[in-house]
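[1] coordinates for the following, if possible.
(one chain, ligands or ions: 1)
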Amino acid sequence: MFRRLAAASDGASWVDFSNAALGVVRNGTAFHCADELDEQFRSQFLKPTLQGLSAITVVGEISIVDALASLQLVLDRNGLPFFGEHYTREVLDRLEIGCAGSACMLPWAIEARQRCRDACGHWKIPSADNIIAFSSWDISCRDMNFLNAGKIYRADWGATISDGLKDLLRPLQQQVSRSMHPERLALLELLVAILLAFPQADWGIQGNKALSNLTAPPADSSILAACKGEVRTYVSQFPCMSCLVIFCQFRRRCPGVRLEVDFDNAWTSFCGEARCSVRC
Ligand SMILES: [Zn+2]
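    Modelled structure (predicted):
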């Protein structure tokens with residue numbers, strides 16, 4: 001019935017229903033026409049959107065701006081806002097972003113979850129104000145190291161970062177802006193720190209130019225391409241499409257850095273603790 005009635009442009013309903021069905025199946029319960037639903041969701045929504053995300057990641061003939069514009073057209077047609085609790089893990093894996101399989105977490109994410117629980121205090125209805133991230137990194141670039149042992153990030157407009165530098169990781173253009181999401185803020189903080197450490201390098205900063213006036217270097221900046229190491233990000237809610245776009249741009253700009261991402265479903269859990277077992 002759902003497959004007959006849901007519009008091809010109603011990606012929000014498709015992704016919610018497909019994730020719900022997949023969750024039921026993975027719990028060992030039969031779900032009528034689950035295979036057909038899965039197949040249609042994949043062909044109609046997952047596959048074309050994943051192709052668009054891959055084009056952002058791979059250094060090739062198409063620029064980041066053009067790849068983003070192409071993906072935007074796909075999303076304007078299918079209305080897909082995210083991949084949801086179950087399909088996101090598969091998408092991250094296909095984008096070569098480290099992620100645990102279903103029903104498990106990456107080992108470092110256990111502490112990250114706890115730090116987010118401590119920071120939040122208690123479960124709330126998920127919103128931009130209370131979805132938080134915990135990011136850490138260990139990066140080397142030429143003769144310098146950039147270490148973040150782990151820090152909480154909340155949604156923020158990044159007022160101290162110029163609009164030009166924010167172009168390092170461009171969000172999708174959506175009716176409700178996702179540009180302040182904590183995943184983007186954390187990665188922007190890292191990239192800006194690296195670039196400011198090499199002011200005379202290949203992106204044209206001369207002297208003490210104000211941070212508010214700086215612009216992003218080209219996508220093939222040799223400084224960012226020289227970075228090696230690892231970035232780990234846990235988010236209390238599965239990443240939205242705009243944040244997946246951010247991850248893809250980060251991978252393209254820093255191909256030598258392994259990006260690992262883990263997450264929970266903030267509607268059903270309090271950073272991994274079942275919602276029904278925590279006081280609301
Ligand atoms: Zn997001």
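[2] tell me the residues of this structure that contact the ion?
    Residues of the chain found near the ion (C-beta under 5 Å from the ion) are 178, 181, 240, 243. For every residue, glycine as well, the C-beta is placed using N, CA and C.
[3] need the buried ones from these selected in PyMOL.
    Of these, the buried ones can be selected in PyMOL as follows, counting by 16 or more other C-beta atoms under 10 Å:
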select buried, resi 178+181+240+243
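[4] now flag whichever of the residues of the chain next to the ion is closest to Arg252.
    Cys243 (15.1 Å; C-beta to C-beta).
[5] and that closest one, backbone torsions?
    Reported as degrees, to the nearest 10, the phi and psi values for Cys243 are phi -70, psi -30.
[6] contact partners for it?
    Residues counted as contacts of Cys243 (C-beta atoms under 8 Å, 6 or more residues apart in numbering) are 178, 181, 183-184, 235.
[7] one more time with 10 Å, if that's ok
    Neighbouring residues of Cys243 by C-beta atoms under 10 Å, 6 or more residues apart in numbering: 82, 133, 169, 171-172, 178, 181-184, 187, 233, 235, 237, 261, 263.
[8] ditto for Leu168
    With C-beta under 10 Å, 6+ apart, Leu168 has these contacts: 64, 161, 184, 187-188, 190-192, 195, 215-217, 219, 221, 224, 246, 249-250, 253.
[9] got any ranges where the protein has weak pLDDT?
    174-176, 200-214, 218-220, 278-280 (pLDDT under 70).
[10] ok, now with 80
    1-7, 30-32, 60-61, 101-104, 157-160, 162, 173-179, 199-221, 275-280 (pLDDT under 80).
[11] tell me the domain ranges of it?
    As assigned by automatic domain parsing, the chain contains the domains 7-94, 109-277.
[12] what separates Val231 from Val261, distance-wise?
    9 Å (C-beta to C-beta, to the nearest Å).
[13] which neighbours do the two share?
    Contacts common to Val231 and Val261, judged by C-beta under 10 Å, 6+ apart, are 97-98, 135, 247.
[14] mark which of those are buried, thanks.
    Applying 16+ other C-beta under 10 Å to the shared contacts of Val231 and Val261 flags 97, 135, 247 as buried.
[15] what sits against the first one?
    By C-beta under 10 Å, 6+ apart, the contact list for Ile97 reads 57, 89, 91, 231, 233, 239, 244, 247-248, 250-251, 258-261.
[16] also the second one?
    Applying C-beta under 10 Å, 6+ apart to Ser135 gives the contacts 112, 148, 150-153, 182-183, 185-187, 189-190, 231-235, 261.
[17] which PyMOL command selects the buried ones in those residues?
    Restricted to buried positions by 16+ other C-beta under 10 Å, the PyMOL selection for the contacts of Ser135 reads:
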select buried, resi 112+148+152+153+182+183+185+186+187+189+190+231+232+233+234+235+261
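[18] from the contacts of Ile97, which is closest to Phe2?
    For the contacts of Ile97, the nearest to Phe2 is Val91 (21.7 Å; C-beta to C-beta).
[19] that closest one contacts Leu50, doesn't it?
    Yes. Judged on C-beta atoms under 10 Å, Val91 makes contact with Leu50 at a distance of 5.9 Å.
[20] so how far is the ion from Arg252?
    18 Å (C-beta to the ion, to the nearest Å).
[21] which residues touch Glu273?
    By C-beta under 10 Å, 6+ apart, the neighbours of Glu273 are 113-114, 117, 123, 264.
[22] report the beta-bridge partners for Ser140.
    Asn145, Lys228 (DSSP bridges).
[23] can you pull the contacts of it?
    By C-beta under 10 Å, 6+ apart, the contact set of Ser140 is 146-147, 226-229, 256-257.
[24] in PyMOL, how would I select the buried members of those residues?
    Per 16+ other C-beta under 10 Å, the buried members of those correspond to this PyMOL selection:
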select buried, resi 146+226+227+229+257
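[25] my guess is Lys166 meets Glu189, correct?
    No. Applying C-beta under 10 Å, one finds Lys166 not in contact with Glu189, separated by 11.4 Å.
[26] got any residues that touch both of those two?
    Common neighbours of Lys166 and Glu189 (C-beta under 10 Å, 6+ apart) are Gly158.
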